[in-house]
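what follows is a predicted structure for the sequence shown.
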Amino acid sequence: MKVVVLGSGIIGTASAWFLNKAGHDVTVIERQPGVARETSFANGCQISVSHAEPWANPSAPLKILKWLGKEDAPLLFRLRPEWLQWMWTLRFLRECLPGRSVRNMRQIVAMAEYSRQTLQAVRAETGIEYDQLTRGILHFYTDPKEFRHSLQTAKLMREFGCPRESIGADDVVKIEPALASIRGKIVGGDYTATDESGDIYTFTTALAAKSAAAGVHFLFNTTVTRLLSEGTGAAAKITGIEVINAEGRHQMVRADAFVMAMGSFSAPLLRPLGIDLLVYPGKGYSATYAVTRPEAAPTVSLTDDGHKLVISRLGNRLRVAGTCELNGYTRELNTMRCEAITRRARELFPDACDYENPGYWAGLRPLTPSNVPYIGKTKFSNLYLNTGHGTLGWTMGCGSGHAIADIVSGCQPEVDFVFTGLPSLQQSQVNSSHPARV
Ligand SMILES: Cc1cc2nc3c(=O)[nH]c(=O)nc-3n(C[C@H](O)[C@H](O)[C@H](O)COP(=O)(O)OP(=O)(O)OC[C@H]3O[C@@H](n4cnc5c(N)ncnc54)[C@H](O)[C@@H]3O)c2cc1C
């Protein structure tokens, strides 16, 4: 089949790789001059199955209220006169109910775990190097109340099969000695030895190069402007997509099947077709520093719970990322948020990096209210979704790519996840946070 993938972040690129392996003739359409130039460019770089607890959990509403209006808040809602944002927010509040939050977590752990194994298989097959470290993820706490809460989350994660072990403060520093300077402030932690880290941009560009060598066509500098459809009911299908090509001309691209993987930009393009995805951009920041004293910089990937930051060592660089602002599609850098990241990095590892020359970046997480992505079929027989991976697109990327290739090829994916438009292996559709058909 001729399959067109829309978007070449980690999700579109992984989809293209697996679609090609399944024997399809694949073309990827991307508005940027290369792959992974938007949200998949400079994120936190964690492969974190252990972070399956969505932001929408029972403790979130109170915290968000407390943070309202605070410029440096970890999660900041800027309410706008926007239908999507309001619908998203109402749904987010619903997903905070304990039962829903646990159901969402189960979905995320299943896809994240499958994806980690898929990433390991791709790594073994291709030999791609991306500053990967398989030293686990260490989550440390400075607030006793948050640490107490984490004991329950860690227990739940273990019940789901993720080995997230709660540990004392001394063990935190034993696992990552670079945290010694703040030992007095740490009250505990948890450690998931099976988690990983690595540079998403390096991986995605290398996977795209391997895909191109295997026959995938990449059309860069090409912007999708709309999807065209015909028919109704079971006969409804996409006939083609309209793009503005690299020469600036309108052009129609036709194919047998289309996979939507445009991250935060998937929702506005699908709305005219009557597909209302609740995917809203959550702006996050990262700072990248050159490591000047390697022995003083961490090698275990870290999560600083108090500041809601994740930290990954990428060879001779240190990446610190986090915070979220729900404020439309702007990627403008807020100086106050950038400086807060550098202040904290300097406090944690005072002599490790060159903090005078940070590389700041902002990207838009494609957030669903539940953090469960939309993967699967739609009401158009040849249109598929692989979008809305929110805070965990790198973690769930390879698995989502494999799963969508299976679905396009008419096979049931190997992971028990509630795909849109497909019965799941074990669970009832009623458990899904998304409608079965979109
Ligand atoms: C600060 C921050 C830290 C993060 N840390 C982590 C982490 O540690 N671990 C983790 O698992 N995840 C993390 N994430 C989330 C992860 O980065 C995202 O979920 C993931 O990158 C989303 O990938 P994507 O392919 O869906 O979207 P994108 O990477 O945004 O790709 C979508 C592509 O579609 C293209 N596109 C859009 N519109 C059009 C159009 N009209 N025509 C043509 N092309 C178009 C874009 O150019 C883009 O290349 C983080 C995100 C942020 C912002």
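Cool, the structure landed.

now residue 165. Nearest residue, chain neighbours left out?
Closest residue to residue 165 apart from its sequence neighbours, by Cβ to Cβ, 6 or more residues apart in numbering: residue 191 at 5.5 Å. Bear in mind the C-beta positions are built from the backbone N, C-alpha and C, glycine included.

quick check on the residue of the stretch 301-438 of the chain found nearest the ligand: phi, psi?
Taking Cβ to the nearest ligand atom, the ligand has its nearest neighbour within the stretch 301-438 of the chain at residue 393, 2.1 Å off. With angles defined as degrees, to the nearest 10, residue 393 sits at phi -70, psi -30.

so what's the residue nearest to residue 165 up against?
Applying Cβ atoms under 8 Å, 6 or more residues apart in numbering to residue 191 gives the contacts 136-139, 164-165, 167, 171-172, 175.

any idea how far the closest residue to residue 192 other than its chain neighbours lies from residue 155?
Excluding its sequence neighbours, the residue lying closest to residue 192 (Cβ to Cβ, 6+ apart) is residue 50, at 3.7 Å. Per Cβ to Cβ, to the nearest Å, residue 50 is found 13 Å from residue 155.

who has more neighbours out of those two?
residue 50 (28 against 11; other Cβ atoms under 10 Å).

close to the ligand, is stretch 261-280?
Yes - under the criterion of Cβ under 6 Å from any ligand atom, stretch 261-280 makes contact with the ligand via 261-263, 265.

so residue 408 is in contact with residue 24, correct?
Yes - between residue 408 and residue 24 there is a contact under Cβ atoms under 8 Å: 7.1 Å.

common neighbours of the two, please.
Common neighbours of residue 408 and residue 24 (Cβ under 8 Å, 6+ apart) are 1, 3, 257.

quick one: buried ones out of these?
3, 257 (16 or more other Cβ atoms under 10 Å).

can you tell me which of the shared contacts of residue 408 and residue 24 are in strands?
Members of these lying in strands (criterion: DSSP state E): 3, 257.

of the shared contacts of residue 408 and residue 24, closest to the ligand?
So of these, ranked by how close each gets to the ligand (Cβ to the nearest ligand atom), first place is residue 3, at 15.8 Å.

now do the buried residues in the host helix or strand of residue 281.
Using DSSP states H and E, residue 281 maps to strand 280-290. Applying a neighbour-count criterion of 16+ other Cβ under 10 Å, one finds 280-289 buried in strand 280-290.

need the residues of the stretch 1-150 of the chain near the ligand, please.
So the stretch 1-150 of the chain meets the ligand at 7-12, 29-32, 37-40, 43-46, 48 (Cβ under 6 Å from any ligand atom).

cutoff 8 Å now
Residues of the stretch 1-150 of the chain found near the ligand (Cβ under 8 Å from any ligand atom) are 6-13, 29-32, 35-48, 51.

residues touching the spatially most central residue of the chain, list them.
Nearest to the geometric centre of the chain sits residue 393, at 2.1 Å (Cα atoms, centre = their mean). Counting by Cβ under 8 Å, 6+ apart, residue 393 touches 9-11, 39-40, 43, 263, 365-366, 373.

again, but for residue 311
Contacts of residue 311 (Cβ under 8 Å, 6+ apart): 44, 298, 301-304, 318-321, 345, 348.

let's see if you can find the most crowded of those.
Neighbour-wise, the contacts of residue 311 (other Cβ under 10 Å) top out at residue 301, 29 neighbours.

okay, now the closest residue to it other than its chain neighbours: neighbour count?
Closest residue to residue 301 apart from its sequence neighbours, by Cβ to Cβ, 6+ apart: residue 197 at 3.8 Å. Around residue 197 there are 29 other residues, counting by other Cβ under 10 Å.

try residue 227
Neighbourhood size, residue 227 [other Cβ under 10 Å]: 20.

which residues does it form a beta bridge with?
With DSSP bridges as the criterion, residue 227 is bridged to residue 241.

I'd like to know how far it sits from residue 12.
Relative to residue 12, residue 227 is positioned 15 Å away (Cβ to Cβ).

cool, and residue 334?
Going from residue 334 to residue 12 by Cβ to Cβ gives 28 Å.

tell me which of these two has more neighbours.
Comparing residue 334 with residue 12 by other Cβ under 10 Å, the one with more neighbours is residue 12, at 31 against 19.

rewinding a little: out of the contacts of residue 393, which is most surrounded?
residue 11 (34 neighbours).

for that one, which non-adjacent residue is spatially closest?
In this structure, residue 11 finds its nearest non-sequential neighbour in residue 261, 4.4 Å apart by Cβ to Cβ, 6+ apart.

so how many other residues sit close to the one you found?
Neighbour tally, residue 261, other Cβ under 10 Å: 31.

surely it touches residue 4?
No - look at residue 261 against residue 4 with Cβ under 8 Å: they stay out of range, at 10.5 Å.

elements contacting the helix ranked longest in the chain?
Ranked by residue count and defined by DSSP state H, the top helix of the chain is helix 98-126. Packing partners of helix 98-126 (3 or more Cβ pairs under 8 Å, 6 or more residues apart in numbering; DSSP states H and E): strand 46-47, helix 83-95, helix 144-159, helix 200-213, helix 393-408.

and it, how far out from the chain's middle?
With Cα atoms, centre = their mean, to the nearest Å as the basis, helix 98-126 stands 11 Å off its chain's centre.

state the mean pLDDT of that helix.
Mean pLDDT, computed over helix 98-126, is 97.

in its sheet, what does the following helix or strand past it sit against?
Counting by DSSP H and E, the next helix or strand C-terminal to helix 98-126 is strand 137-141. Strand 137-141 pairs in its sheet with strand 188-192 (antiparallel), strand 301-304 (parallel), by DSSP bridges.

could you redo those strands as JSON lines and give each row distance to residue 61 and mean pLDDT?
As requested, the strands paired with strand 137-141 are exported to JSON lines (distance: least, Cβ to Cβ, whole Å; pLDDT from 0 to 100):
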{"stretch": "strand 188-192", "distance to residue 61": "24", "mean pLDDT": "98"}
{"stretch": "strand 301-304", "distance to residue 61": "22", "mean pLDDT": "98"}
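
adding distance to residue 234, write these out as CSV.
What follows is the strands paired with strand 137-141, written out as CSV (distance: least, Cβ to Cβ, whole Å):
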stretch, distance to residue 234
strand 188-192, 45
strand 301-304, 46
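
fine by me, thanks again.
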